[in-house]
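**Student:** Give the three-dimensional model of this entry:
(6 chains)
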Number of protein chains: 4
Amino acid sequence: MKHTESLEAPDAPALKPGRGRRRAEDVRRAVLAATAGLLFAEGIRNVTFEKVAARAGVSKMTLYKWWTSPGSLAFEAYFAALEDALTFPDTGDLRADLTTQLHAFIALLERSGSVIAEIIGAAQSDSDLAFDLSEQYVRPRRRLAVDRLSIAQRSGQIREDVDLETLVDQLWGACYHRLLMPAEPLDAAFTDRLIANLFNGIDPRPTDEGSHI
Amino acid sequence: MKHTESLEAPDAPALKPGRGRRRAEDVRRAVLAATAGLLFAEGIRNVTFEKVAARAGVSKMTLYKWWTSPGSLAFEAYFAALEDALTFPDTGDLRADLTTQLHAFIALLERSGSVIAEIIGAAQSDSDLAFDLSEQYVRPRRRLAVDRLSIAQRSGQIREDVDLETLVDQLWGACYHRLLMPAEPLDAAFTDRLIANLFNGIDPRPTDEGSHI
Amino acid sequence: MKHTESLEAPDAPALKPGRGRRRAEDVRRAVLAATAGLLFAEGIRNVTFEKVAARAGVSKMTLYKWWTSPGSLAFEAYFAALEDALTFPDTGDLRADLTTQLHAFIALLERSGSVIAEIIGAAQSDSDLAFDLSEQYVRPRRRLAVDRLSIAQRSGQIREDVDLETLVDQLWGACYHRLLMPAEPLDAAFTDRLIANLFNGIDPRPTDEGSHI
Amino acid sequence: MKHTESLEAPDAPALKPGRGRRRAEDVRRAVLAATAGLLFAEGIRNVTFEKVAARAGVSKMTLYKWWTSPGSLAFEAYFAALEDALTFPDTGDLRADLTTQLHAFIALLERSGSVIAEIIGAAQSDSDLAFDLSEQYVRPRRRLAVDRLSIAQRSGQIREDVDLETLVDQLWGACYHRLLMPAEPLDAAFTDRLIANLFNGIDPRPTDEGSHI
DNA sequence: CCCTAAGCGAGACGGTACGTCGCGTCTTTAC
DNA sequence: GTAAAGACGCGACGTACCGTCTCGCTTAGGG
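**Tutor:** Numbering: from 1, shown residues only, chains lettered A, B, ... in the order given. Down below sits the predicted model:
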């Protein structure tokens, strides 16, 4: 999608109230539907402006006008289709909430992990997609997680000197690692071990207050 | 590369001693050199059989004969060019050795991180490349790490109940996360925090022996 | 142009006395100017409603309203720009007058022959343009010529049994032949030979009164 | 067609006996057949690389490789389809032979005049086609005619001072004029009048030996 | 020492996708 | 009210790459 439009408010016009004809919303929906169909059935390699145009009964020009690359289109279609609102629970017990959230995350990846993986993969050589992915997926989600962790830190459930951003990489990042570079199983038990390692530490003779830093 | 050939022994002929002309080793070298040139200069999207053939003065047929996809070719060329033997130090002090190794890893990523990222990205929708990547990159490196961690665990530097594979995802996996889904800086200080979090734990009131598991 | 408007009176409004009348004439001039610019600079292939609209600051709808095809528009713009009134002299001496007229014609073709050629060429597969061309160019000019020849025939300067329309094709038509299917030079000397051939005949032993017919 | 290949000898390879695969002759035939089909059924405007490729089951790249423009392709297909060898009779009687030839020419134009007209029209803004048309149609045919006229001139059937090239424009050129800029009928009687005007002259009081020149 | 078979260059070819341009229609808003 | 601005389907343009397929040159064995 063009960067002027946000994923969170896809109905927000963000168009100058100039004279010409307005963007047809049904066209947008048809495109996203066709794209999602291709994406889930045949993979992101087959999400091609040519095929989407043919399936949606839409002109290629229209696609080029509103989306910068097939990857960007696939990305937007993915979220329009799933609307995977990963809410973050807050029961007061951080460890329990993390467990809940990571289990839900694993469940999501089981359903559509390969599609997410393909989108992240495509972003590695599609800077437009990389931008969208960062702004509308990576950063918002990190923010949600850091916010929850921040509350826990303030209430004394996480040590003061722990960098919360780093923690995100050691929980969700570890999951993405197993998704993108598969070798070991990616399941709920794995996330439990991630949490345990961090809460308990791995050192049998814990030092006082991280003297190594 | 075709799976019948191993990366480790690229000079092994493995050809039936039939009559005809032998495989020209200089052809292979020219191809890998041309590929590496394209890969580092223009990204994996421009590593194309057509361009490689033109640059290396080689027929497309030859490429199809020896490599299954442009991605596989790029992958092989990357390692032929870098030969990035990430040795694992063993001074007896695990935490020091991990720090050393991760700092070296970060330094490597600073040089060629974008190329690695592109290769991993391409593997998400190229199963041939995914296979090669798994067999010749992901698994061997995990094995090296787990071996070193195993020694440490046996010598009492890691608690008995810690799963070492999980640890790999929380150290190197966290780095790959920042590489592939960039949002926060990926530097040596980050790896120090990764280590600290795991060695010290994040809980200000550590429980006894991971009662949550 | 739409057939309701005449070439001969391009300044005649012929517009309904509605409100926007004066403005419409501005638009027409801007369009014709932009079209002529494109036509002479880039050839008739680049006279496109899209480009004319952009250059003239005019909506495409306006163009479609007043002209049936880019070819028709180019045709009208050509004459609006040149106003090449080919007057026919009548000094009483037919042969001298024909020489004068054909020399002037050649001079005109030297200036804008390629544009005329392109317009005639386009008319071969644009029936709207073909209609306009016939009604507003071919037939009027033939009529002018035949009228002058008719006077000469009545005054005994052309044999009674000569078909004047045929003569037009052997004078001006021969010139168009060299314009449209170039092989030999198209110059004043050529037109002199055209005239001489017809006035003198080519037969060294002229028959009596065209017995072959 | 590319200028390296001649129309007269379409089977002449004219290809360097280099190493690669040879040009498939059946592909060429399929293309020309499909093109001719389109050309005669729908006009030259519908001879499009896209449609020809689809009809002939041929890749667009192949068309671009061997033909410079749709117009050039149409031109070659026209002659491959018609092979309209306009032979020039020589019975010794020039006037009779010209009549025979021009009647045959008119008959040809009745069949495929509109296609020829479209090709000549397209050549006005397609310099590649213009080149082919000149080299393989206009000039060879002028040469045939001039050759026949030359024989007649040497045998005393045409006055010494008559320029034969000019004569061509006044006979066949006049016919093309009526074809391309239609206003009066183009039939056998017209060609008879063309001949009569030139043989008899139009002047009721013929001057001695073209004194005007 | 030649003969034979494989390796390999060159490159034609059918596809599919790319990104752009023009046509003709339709809609919305501003002057 | 008219016409600008412009979205849109359609179809053609010309290019790039993919994967397959001949050719014919080159080069090593084996006879």
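**Student:** where in chain A is pLDDT low?
**Tutor:** Chain A contains residues with pLDDT under 70 at A:1-17, A:83-86, A:206-213.
**Student:** Does A:Asp169 touch B:Leu194 like I think?
**Tutor:** Yes - contact criterion C-beta atoms under 8 Å: A:Asp169 and B:Leu194 qualify, at 7.5 Å. (Each C-beta comes from the backbone N, C-alpha and C, glycine too.)
**Student:** Next, show the common contact partners of those two.
**Tutor:** In terms of C-beta atoms under 8 Å, 6 or more residues apart in numbering or on different chains, A:Asp169 and B:Leu194 are both contacted by the residues B:174-175.
**Student:** More neighbours: which of these two?
**Tutor:** Under the criterion of other C-beta atoms under 10 Å in any protein chain shown, the comparison of A:Asp169 against B:Leu194 puts A:Asp169 first, with 28 against 25.
**Student:** Not counting its neighbours along the chain, what's nearest the more buried one?
**Tutor:** Spatially, and ignoring its direct neighbours in sequence, A:Asp169 is nearest to B:Ala174 (3.8 Å; C-beta to C-beta, 6 or more residues apart in numbering or on different chains).
**Student:** okay but that neighbour is in contact with B:Arg193, surely?
**Tutor:** No - B:Ala174 is beyond contact range of B:Arg193, at 9.5 Å (criterion: C-beta under 8 Å).
**Student:** which of the two has more neighbours?
**Tutor:** B:Ala174 (28 against 20).
**Student:** if I pick that one, what's in contact with it?
**Tutor:** B:Ala174 touches A:166, A:169-170, A:173-174, A:177, B:194, counting by C-beta under 8 Å, 6+ apart.
**Student:** give the contact list for the residue at minimal distance from the centre of chain A.
**Tutor:** Closest residue to the average C-alpha location of chain A: A:Tyr137 at 4.1 Å, with C-alpha atoms, centre = their mean. By C-beta under 8 Å, 6+ apart, the contact set of A:Tyr137 is A:75, A:79.
**Student:** which SS state does it fall under?
**Tutor:** helix (DSSP: H, G, I helix; E, B strand; the rest coil).
**Student:** Could you measure from it over to A:Trp172?
**Tutor:** 12 Å (C-beta to C-beta, to the nearest Å).
**Student:** what's the closest non-adjacent residue to A:Asp203?
**Tutor:** Sequence neighbours aside, B:Phe199 is the residue nearest to A:Asp203 in space, at 4.7 Å (criterion: C-beta to C-beta, 6+ apart).
**Student:** quick one: that neighbour and A:Arg205 touch, right?
**Tutor:** No - using C-beta under 8 Å, B:Phe199 makes no contact with A:Arg205, being 10.0 Å away.
**Student:** So between the two, which is more surrounded?
**Tutor:** B:Phe199 (21 against 8).
**Student:** contacts for whichever strand or helix holds that one?
**Tutor:** Using DSSP states H and E, B:Phe199 falls within helix B:188-200. Helix B:188-200 is contacted from outside by A:159, A:162-163, A:166-167, A:169-170, A:197-198, A:201-203, A:206-207, A:209-210, A:212-213, B:95, B:98-99, B:102-103, B:105-106, B:167, B:170-171, B:174-175, B:178, B:184, using C-beta under 8 Å, 6+ apart.
**Student:** Spit out the contact partners of A:Leu180.
**Tutor:** Counted by C-beta under 8 Å, 6+ apart, A:Leu180 has contacts A:117, A:120-121, B:120, B:124, B:176, B:180.
**Student:** Next step: these restricted to helices.
**Tutor:** A:117, A:120-121, B:120, B:176, B:180 (DSSP state H).
**Student:** related to what we said a few turns ago, quick one: buried ones out of the contacts of A:Leu180?
**Tutor:** Among the contacts of A:Leu180, the ones that count as buried by 16 or more other C-beta atoms under 10 Å in any protein chain shown are A:117, A:120-121, B:120, B:124, B:176, B:180.
**Student:** Hmm, A:Glu165 and A:Arg142 touching each other?
**Tutor:** Yes - between A:Arg142 and A:Glu165 there is a contact under C-beta under 8 Å: 7.1 Å.
**Student:** what touches both of these two?
**Tutor:** By C-beta under 8 Å, 6+ apart, the residues touching both A:Arg142 and A:Glu165 are B:Glu184.
**Student:** what about these two, which has more around it?
**Tutor:** Per other C-beta under 10 Å, whichever of A:Arg142 and A:Glu165 has more neighbours is A:Arg142, with 20 against 16.
**Student:** helix or strand for the more buried one, which one?
**Tutor:** Per DSSP H and E: helix A:139-154 holds A:Arg142.
**Student:** Who are the packing partners of that helix?
**Tutor:** helix A:94-123, helix A:164-168 (3 or more C-beta pairs under 8 Å, 6 or more residues apart in numbering or on different chains; DSSP states H and E).
**Student:** Quick check: which of these is nearest to chain C?
**Tutor:** helix A:94-123 (33.8 Å; C-beta to the nearest C-beta).
**Student:** List the buried residues in the closest one.
**Tutor:** A:94-95, A:97-99, A:101-102, A:104-106, A:109, A:112-123.
**Student:** now do stretch A:137-145
**Tutor:** A:137-138, A:141-142, A:145.
**Student:** for the closest residue to A:Tyr64 other than its chain neighbours, what are its contacts?
**Tutor:** Residue nearest to A:Tyr64 in three dimensions, not counting chain neighbours: A:Phe49, with 7.0 Å by C-beta to C-beta, 6+ apart. When contacts are counted by C-beta under 8 Å, 6+ apart, A:Phe49 touches A:60, A:63-64, A:70, A:73.
**Student:** Going through these, which ones are buried?
**Tutor:** If we count by 16+ other C-beta under 10 Å, these have these buried: A:63, A:70, A:73.
**Student:** Many thanks, I have nothing further to ask.
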